[in-house]
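J.: Got a predicted structure here, sequence first:
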Amino acid sequence: MTGCSVVRLDLPDAVYRGYEGDAELLGAVRDDDPPPYEAVLGRVLRLDPQMVYAPLGVGSHVDHQLCREVALALLDAARGRAAPAPGFPGRAARARGFAGRVSFYEDFPYAWRHDFHAPAELPGGGLALPSGFALEARYTDIGEQLDRKAAGIAQYESQVARLFESERGMLDALAAYHGRVAAEGGIAGYAERCWVAVPL
């Protein structure tokens, strides 16, 4: 459906790491649950993608927060600083090429539910970027892909019922959110917005 390949890293979802209920899943990351730096960063460096996409963590889902921390560590290493990951600092030279190649996406449906517009609205007043970076909004017209995105979301039947009550509710929220983002980006129809960490 997406034309993408999947790389599995044997990283279980939060519910399989002991988090229970929305209060924990959408709350603070536990001290005994560190970001998976080595597993993710090691694979990113081997694949050498054109762009790395990580969630902004708009809804504070713990898995999204941990993924965001891994992306921030990559930015740290891209600036020549040691990343807080076992075995990763020795790869800093390879990581330097990732300046300008790390982008944060607005997590749906959390961005829709929170009426999210900019990273300054994140808990704590923004994204804690390493010094030397700023976020730049980039918009992509997805008018021709919206139906495919909806079909992909519909594959998660248990989540559709839990998050939207019905498939109709999911379709309405998806169209409303991407329509609003498009309007904010001056695009007719539907759009997605990512926030690219650009070097200053």
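T.: Received, thanks. Numbers count the residues shown, from 1 in each chain.

J.: Point out where the chain drops to low pLDDT.
T.: Per-residue confidence for the chain (pLDDT under 70) gives these ranges: 1-2, 80-95.

J.: Tell me which stretches of it form helices.
T.: Ranges of helices within the chain are 21-25, 37-47, 62-78, 92-95, 110-113, 146-154, 157-164, 167-184, based on DSSP state H.

J.: Please tell me how far the first one is from the chain's geometric centre.
T.: Distance of helix 21-25 from the chain centroid (C-alpha atoms, centre = their mean, to the nearest Å) equals 19 Å.

J.: residues of that helix that come out buried?
T.: Within helix 21-25, the residues scored as buried using 16 or more other C-beta atoms under 10 Å are Leu25. Any C-beta I mention is one placed from the backbone N, CA and C, and that applies to glycine too.

J.: how about Val52, what does it touch?
T.: Counting by C-beta atoms under 8 Å, 6 or more residues apart in numbering, Val52 touches 44, 71, 74, 98, 101-103.

J.: which residues does the most centrally placed residue in the chain bridge with?
T.: Averaging the C-alpha coordinates of the chain gives a centre point, and the residue nearest to it by C-alpha atoms, centre = their mean is Pro55 (1.2 Å). For Pro55, the residues forming beta bridges with it (DSSP bridges) are Tyr105.

J.: How about the contacts made by it?
T.: Pro55 sits next to 61, 64, 67-68, 104-105, 107 when contact means C-beta under 8 Å, 6+ apart.

J.: ok, back up a step: would you list the helices of the chain in JSON lines and tack on distance to Gly3?
T.: Output for the helices of the chain, formatted as JSON lines (distance: least, C-beta to C-beta, whole Å):
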{"stretch": "helix 21-25", "distance to Gly3": "30"}
{"stretch": "helix 37-47", "distance to Gly3": "16"}
{"stretch": "helix 62-78", "distance to Gly3": "22"}
{"stretch": "helix 92-95", "distance to Gly3": "27"}
{"stretch": "helix 110-113", "distance to Gly3": "24"}
{"stretch": "helix 146-154", "distance to Gly3": "10"}
{"stretch": "helix 157-164", "distance to Gly3": "22"}
{"stretch": "helix 167-184", "distance to Gly3": "20"}
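
J.: and Phe133, which of those helices is closest to it?
T.: Each of the helices of the chain has some distance to Phe133 by C-beta to C-beta; the shortest is helix 62-78, at 5.9 Å.

J.: quick one on the thing from earlier: so which of the contacts of Pro55 wins on neighbours?
T.: Top of the contacts of Pro55 by neighbour number is Phe104, holding 26 neighbours under the definition other C-beta atoms under 10 Å.

J.: wait, what's in contact with that one?
T.: 53-56, 68, 71, 119, 127, 135, 194-197.

J.: how close does it get to Pro119?
T.: 8 Å (C-beta to C-beta, to the nearest Å).

J.: okay, and the common contacts of these two?
T.: Overlap of the contact sets of Phe104 and Pro119 (by C-beta under 8 Å, 6+ apart) consists of 56, 127, 135, 195.
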